[in-house]
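Enquirer: Prediction below, plus the sequence it came from.
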Number of protein chains: 2
Amino acid sequence: MSDDPQGTRLDRWYSRYASRAHAMRASEIRALFSVANRPEVVSLAGGMPNISGLPLAQLADTSARLVRDFGEVALQYGSGQGDETLREQITEVMALEGISAHPDDIVVTTGSQQALDLVTRIFIDPGDVVVAEAPSYVGALGVFRAHEADVVHVSMDADGLIPDELDATLTRLAAEGRTVKFLYTVPNFHNPAGVTLSLERRRKVVEICDRHDVLILEDNPYGLLGFDSEPLPAMRSMSEDGVIYLGSFSKTFAPGYRVGWAVAPHAVREKLVLASESAILCPSNASQMSISHYLEHYDWVGQIKNYREQYRERRDAMVGALEEYIPDATWNTPQGGFYVWVKLPYGLDAREMLPRAVTARVAYVAGTAFFFGDEGHDHMRLSFCYPSPERIEEGVRRLAGVVNAELETVSIFGTAGETRQRLVDFPSPDVS
Amino acid sequence: MSDDPQGTRLDRWYSRYASRAHAMRASEIRALFSVANRPEVVSLAGGMPNISGLPLAQLADTSARLVRDFGEVALQYGSGQGDETLREQITEVMALEGISAHPDDIVVTTGSQQALDLVTRIFIDPGDVVVAEAPSYVGALGVFRAHEADVVHVSMDADGLIPDELDATLTRLAAEGRTVKFLYTVPNFHNPAGVTLSLERRRKVVEICDRHDVLILEDNPYGLLGFDSEPLPAMRSMSEDGVIYLGSFSKTFAPGYRVGWAVAPHAVREKLVLASESAILCPSNASQMSISHYLEHYDWVGQIKNYREQYRERRDAMVGALEEYIPDATWNTPQGGFYVWVKLPYGLDAREMLPRAVTARVAYVAGTAFFFGDEGHDHMRLSFCYPSPERIEEGVRRLAGVVNAELETVSIFGTAGETRQRLVDFPSPDVS
């Protein structure tokens, strides 16, 4: 109610919620949108692409033409599976990663987040297992949690998911009688870990999952954003009936239209369309046709090249600043995408440190967001996608001040874990 | 797979689907989109608004300005709850139906279908009961089914839902130990029944549900589309903590942007935002700002008045044609909205007749779509929203030919039920 902005009064309907509703909790992503919006804070937290380089004046003309000449379709209901022309164009986008798909295999979704939700919805009963990298995309973990899945993590190294560990984990889960519904993986420029699954490992992962009869959910928002090399072939190109592939225009063009897609084996695709019709009736024609006209009338491959150059420059700024200001931390140097996964110096806790970082006008996402259980305290995800190189350097400089103060506290009072008790009065941006 | 368009080969993942996925089935809405798209068919089936009167040339300019001047926001991610300016404007739209709400109480959704899905998702565990009018909106029944709810229908008459029957049903369900999570109702120009809940009954329904401690889900896409009278106050205006209200711009402006909303008690609203973030991350900024600019720069109340006049003319055409061509059927005369609910002459089955109607180039939705169980065979829903008055008359004329041929068959062979066996070879548009 408007007279109770804190929501502290009793919830009359509390006892009526579904079991799954109790598993939903405020995602750190949401909190971070509001933090990131304060202009004085350097946000190294969000995953917002830097769309400032888009040709807005020309896009405005395209947008006008769409409404003027095609308005009676663009403003009308469309099909549940998505616009046919756009689905044809999506096959061309995917061809860049070696995928050969028919437009019939594609379901257009409200961002690839909806595709994640639909896949989870049609496969997960409460208690079913999803196997996922450690760490994993926070938004995917939120979906799995909301459908009461149990997530079992498998480790990664510099070449991505470790196949032997995957094999052993699937063997163990089968022996325990657990039902594994799918492997969730982000093979390219992983969010948050920044690493890429090597070609050799892709083949192994496909073989292992096939042998264990486990479906692969290949989530690939960043695949075309490699800085120095051509895209590796998608796992979907190695297995048509063993992989559901998710793609998105949010990072290669713009997220504001909310257009993503799923490619799935035929029978699964039919279920996905049914689930999507139930969830939203149909995706927005206006959004889909905006994307479709963009792909038709613009040098979209050139725009992706611009993005890659922009993000490489920002990656360099971030890695350079880390070397200069926080040399005691460790990190990988991502070859694409948006993120650096930073391990803090011994004894520091990224989640506990966050309120002090925000006070120092810099934001990040604590590593704990990317694990199903209570792990990741010693890591943080730094995004280099949105701020300018100068702001990135300034952000890391501020962060270094916080890290150094924290290290001093730890050296006096012990590890951050032991200092936890003293920090409960700090305002938490996670619940703002 | 592309080499198997019929999907007849075995589904490798069949045993892996969630329990709820087996409850999902092809909605008659989807089949009807494809039927309606054939130009030779007069579709009295779909619920597509007639947007041909929108000022597309001016809307094109607005659309261009949006991208040119606000593109860096419109093309970016937004908040999970929805654009703040739009939420303020939505309070003004709802004020027309007596609702006083704070923008904080509102969640913007991908069409009100998504709001239906989110409410169901946070409240329904498998086996929970939803009480709903008989008949009910097919898309809502699909959502309830997809979440494995059990729907218990309550009858309507010319003044809408019958309060005494609602009271008795809730009493009976409580005595049986069944958990009723909410009452789903479309109080204005009901889809499909065309009736409107009287003011007196609104008060009674609110009182009854409050007494039984049952939440009301008030779905109101058509409330502003009354032909001859001012809108009745929404039930949300009578109870702030007992009602979740759903609204939409799909019928009062255009469905192509997929923008709807929910207004809910504060704690429920928070759960809805969490559920929406999990489902789609955030609604489209481009879509929301298109609606927002439309509300700001256009005479949207005048446009609604245009729609009302258009639809009244079409309603008159349909009712006139029914009187002329199918006088043996019975129907109500709706005072607003999109639909006439027609009871067929004795012995006819609307679902069985549908293939023959489509062959005669006219489509409708069989009454069976609007019931949770196997009811409604003797009814059909005719939509007058989309075709021109001339096409409506032609459609009803074609339908009369089918009805008369059907009546002849029945008079020779007995009731349609007895002829069922002979009809199995007809192609069914429901599964196309």
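Expert: Cool, got the structure.
Enquirer: who's in contact with residue A:249?
Expert: A:255, A:257, A:259-260, A:291 (C-beta atoms under 8 Å, 6 or more residues apart in numbering or on different chains). Every C-beta, even on glycine, is put in place using the N, C-alpha and C of the backbone.
Enquirer: Could you pick out the longest strand of chain A?
Expert: In chain A, taking DSSP state E as the definition, the longest strand is strand A:150-157.
Enquirer: Okay, now the sheet partners of that strand, with direction.
Expert: Its sheet considered, strand A:150-157 pairs with strand A:129-134 (parallel), strand A:160-161 (antiparallel) by DSSP bridges.
Enquirer: Of the contacts of residue A:249, select the buried ones using a PyMOL command.
Expert: Buried members of those, defined by 16 or more other C-beta atoms under 10 Å in any protein chain shown, are picked up in PyMOL with:
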select buried, chain A and resi 255+257+259+260+291
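Enquirer: give me the subset of the contacts of residue A:249 touching chain B.
Expert: A:255, A:257 (C-beta under 8 Å from any C-beta of the partner chain).
Enquirer: Which of the strands paired with strand A:150-157 sits closest to residue A:365?
Expert: Closest approach to residue A:365 among the strands paired with strand A:150-157 is made by strand A:129-134 (15.6 Å; C-beta to C-beta).
Enquirer: That closest one - what's its average pLDDT?
Expert: Strand A:129-134 shows a mean pLDDT of 98.
Enquirer: Contacts for it next, please.
Expert: A:120, A:124, A:140-141, A:144, A:149-156, A:160-161, A:166, A:169-170, A:173, A:178-186, A:190, A:193, A:214, A:371-372, A:375.
Enquirer: Give me the buried entries from those residues.
Expert: A:120, A:124, A:140-141, A:144, A:149-154, A:156, A:160-161, A:166, A:169-170, A:173, A:180-186, A:190, A:193, A:214, A:371-372.
Enquirer: Just the ones of those residues in helices?
Expert: A:120, A:140-141, A:144, A:166, A:169-170, A:173 (DSSP state H).
Enquirer: out of these, who's nearest chain B?
Expert: residue A:120 (8.6 Å; C-beta to the nearest C-beta).
Enquirer: Now do the same contact list for the closest one.
Expert: Counted by C-beta under 8 Å, 6+ apart, residue A:120 has contacts A:130, A:143-144, A:146-147, A:149.
Enquirer: give me that answer again for 7 Å
Expert: A:143-144, A:147, A:149 (C-beta atoms under 7 Å, 6 or more residues apart in numbering or on different chains).
Enquirer: Throw these into CSV and include pLDDT and distance to chain B, thanks.
Expert: Below are the contacts of residue A:120 laid out as CSV (pLDDT from 0 to 100; distance: C-beta to the nearest C-beta, whole Å):
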residue, pLDDT, distance to chain B
A:143, 96, 5
A:144, 97, 9
A:147, 95, 8
A:149, 97, 10
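Enquirer: Return the member of the residues you listed nearest to residue B:354.
Expert: residue A:147 (35.9 Å).
Enquirer: Chain neighbours aside, what residue packs nearest to the closest one?
Expert: On the basis of C-beta to C-beta, 6 or more residues apart in numbering or on different chains, the spatially nearest residue to residue A:147 that is not a chain neighbour turns out to be residue A:124, at 4.4 Å.
Enquirer: Output the below-cut-off pLDDT ranges for chain A.
Expert: Within chain A, the stretches with pLDDT under 70 are A:1-9, A:27-37, A:415-432.
Enquirer: Can you show me the helices along the stretch 251-400 of chain A?
Expert: A:266-280, A:285-297, A:300-325, A:350-359, A:389-413 (DSSP state H, counting those that start in this stretch).
Enquirer: returning to that earlier point: which residues sit against the longest strand of chain A?
Expert: A:127, A:129-134, A:141, A:144, A:161-162, A:165-166, A:169, A:173, A:193, A:195, A:371-372.
Enquirer: can we see that at 6 Å?
Expert: Counting contacts by C-beta atoms under 6 Å, 6 or more residues apart in numbering or on different chains, the residues outside strand A:150-157 that touch it are A:129-134, A:144, A:161-162, A:165-166, A:169, A:193, A:195, A:372.
Enquirer: give the contact list for the most centrally placed residue in chain A.
Expert: Against the mean C-alpha coordinate of chain A, by C-alpha atoms, centre = their mean, the closest residue is residue A:137 at 4.7 Å. Contact analysis of residue A:137 by C-beta under 6 Å, 6+ apart lists A:186, A:191.
Enquirer: ok, so what distance separates it from chain B?
Expert: Noted for residue A:137: a distance of 11 Å to chain B, by C-beta to the nearest C-beta, to the nearest Å.
Enquirer: how deep is the residue nearest to residue A:187 when sequence neighbours are not counted tucked in, by neighbour count?
Expert: Nearest residue to residue A:187, sequence neighbours excluded (C-beta to C-beta, 6+ apart): residue A:197, at 4.0 Å. Each residue near residue A:197 was counted by other C-beta atoms under 10 Å in any protein chain shown, and the total is 23.
Enquirer: Check whether residue A:197 really touches residue A:186, as I assumed.
Expert: No. With contact defined as C-beta atoms under 6 Å, residue A:197 does not count as touching residue A:186 (8.7 Å).
Enquirer: Spell out which parts of the stretch 101-250 of chain A neighbour chain B.
Expert: A:102, A:110-111, A:113-114, A:117, A:122-125, A:142-143, A:146, A:181, A:215, A:241 (C-beta under 6 Å from any C-beta of the partner chain).
Enquirer: Which ChimeraX command selects the buried ones in those?
Expert: Here is the ChimeraX selection string for the buried members of these, based on 16+ other C-beta under 10 Å:
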select /A:110,111,113,114,117,122,123,124,125,142,143,146,181,215,241
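Enquirer: who's in contact with stretch A:312-321?
Expert: Contacts of stretch A:312-321 (C-beta under 6 Å, 6+ apart): A:227, A:333, A:340, A:384, A:389, A:392-393, A:396.
Enquirer: follow-up on the earlier one: out of the contacts of residue A:249, what pair is the most spread apart?
Expert: Checking those with C-beta to C-beta, the most distant pair is A:255 and A:291, at 11.3 Å.
Enquirer: which of the residues in stretch A:355-362 are buried?
Expert: A:355-358, A:360-362.
Enquirer: which one of those sits closest to residue A:347?
Expert: Closest to residue A:347, out of all of these and judged by C-beta to C-beta, is residue A:356, at 14.8 Å.
Enquirer: I'm done for today, thanks for sticking with me.
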